[in-house]
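1. Only the shape, not the letters, is given here:
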């Protein structure tokens, strides 16, 4: 036949096998072949091995980009169903990150890094949480955010949780329940704490914080009075407001006229002259032999 041929059915029984395809040779003769054995000039960069397919050449793979920078570069949105493993081929969770790093340098360890490339102050980076089946009707109400407040990437860490009954995402700053400032102050229901620990609202302790009021005496020892305490007990926590700066190294504290005990830093270092100033809030824990300053 020299020209167009039409047929509603075609049958070539020689070599026919379910799933095979027709291939012609250089003289236009056709035969049935296994599609997994097809080799073409344009397909040599992929290898089919049973139900698997992999790149047969070195280099990077790009999806949505003609210049992939890594083994796999994706430009555009992507979605995954099932668990995703980074550093593991057996992920246990929706996102499973695994690595081994035994070094102990300042930048070493296994981390998930979140970076906001905007250089402005009062910008945020972090993670947000949502628990609801309807992605459209419910918003992100809680999370952990880092707010840049100063140069060199310094700022505050905020734990936020919004209790508003609405369809709006949480306002990070106004719904912050705990804040750790860049200079180490902690605020609970306080977004701008002025002390090492600042709590706005009622507080219940599982244990006891013994308040000694404002100290008296010369500052060596500092004298405080706490009802119901007649001995020093390991683990007891006491707090008082100083009335005077310490004039000696390693000042002492006396409760209810008992023998004075040394006050030291948590790492057992001496408290230097003038480290305690007038009107400081001092929180101490007794370790069985001396008081350690946990609020410095």
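-> Here it is on my side, so go on. The model shown is predicted, which means the values in this text are computed figures rather than measured ones.
2. by contact count, what packs against the lowest-mean-pLDDT helix or strand in the chain?
-> Sorting the helices and strands of the chain by mean pLDDT, DSSP states H and E puts strand 46-49 at the bottom, at a mean of 78. Applying 3 or more CB pairs under 8 Å, 6 or more residues apart in numbering; DSSP states H and E, one finds that strand 46-49 contacts strand 52-55. Every C-beta, even on glycine, is put in place using the N, C-alpha and C of the backbone.
3. Strand partners (parallel or antiparallel) of the strand it packs on?
-> Using DSSP bridges, strand 52-55 pairs in its sheet with strand 46-49 (antiparallel).
4. what's the burial count for the closest residue to residue 272 other than its chain neighbours?
-> What sits nearest to residue 272 in space, not counting adjacent residues and going by CB to CB, 6 or more residues apart in numbering, is residue 249, at 6.3 Å. Residue 249: 11 surrounding residues under other CB atoms under 10 Å.
5. Next: residue 164.
-> The burial count for residue 164: 12, using other CB under 10 Å.
6. Distance-wise, check the closest residue to residue 184 other than its chain neighbours relative to residue 280.
-> Distances taken as CB to CB, 6+ apart place residue 196 nearest to residue 184, at 7.0 Å, with adjacent residues excluded. Computed as CB to CB, to the nearest Å, the residue 196 to residue 280 distance reads 10 Å.
7. quick one, which of those two is more surrounded?
-> Using other CB under 10 Å as the criterion, residue 196 and residue 280 rank with residue 280 on top: 19 against 15.
8. Next up, the contacts around that one.
-> Counting by CB atoms under 8 Å, 6 or more residues apart in numbering, residue 280 touches 241-242.
9. Give me the phi and psi for it.
-> Backbone geometry at residue 280, expressed as degrees, to the nearest 10, gives phi -70, psi 140.
10. Ok, residue 37 next?
-> phi -100, psi 0.
11. Show the model's pLDDT score for it.
-> pLDDT, residue 37: 76.
12. number of nearby residues for it?
-> 9.
13. swap in residue 31?
-> With other CB under 10 Å as criterion, residue 31 counts 14.
14. Do I have it right that it meets residue 17?
-> No: contact between residue 31 and residue 17 fails when scored by CB atoms under 8 Å: they sit 11.2 Å apart.
15. tally of neighbours for residue 82?
-> Neighbour tally, residue 82, other CB under 10 Å: 7.
16. ditto for residue 19
-> The burial count for residue 19: 8, using other CB under 10 Å.
17. Can you name the residues that contact it?
-> Residues counted as contacts of residue 19 (CB under 8 Å, 6+ apart) are residue 35.
18. and it, what helix or strand is that in?
-> Following DSSP states H and E, there is no helix or strand that holds residue 19.
19. Relative to residue 250, how far out is the spatially closest residue to residue 87 that is not a sequence neighbour?
-> Using CB to CB, 6+ apart and skipping residues adjacent in sequence, the residue nearest residue 87 is residue 98, 4.1 Å away. Distance of residue 98 to residue 250, computed by CB to CB: 47 Å.
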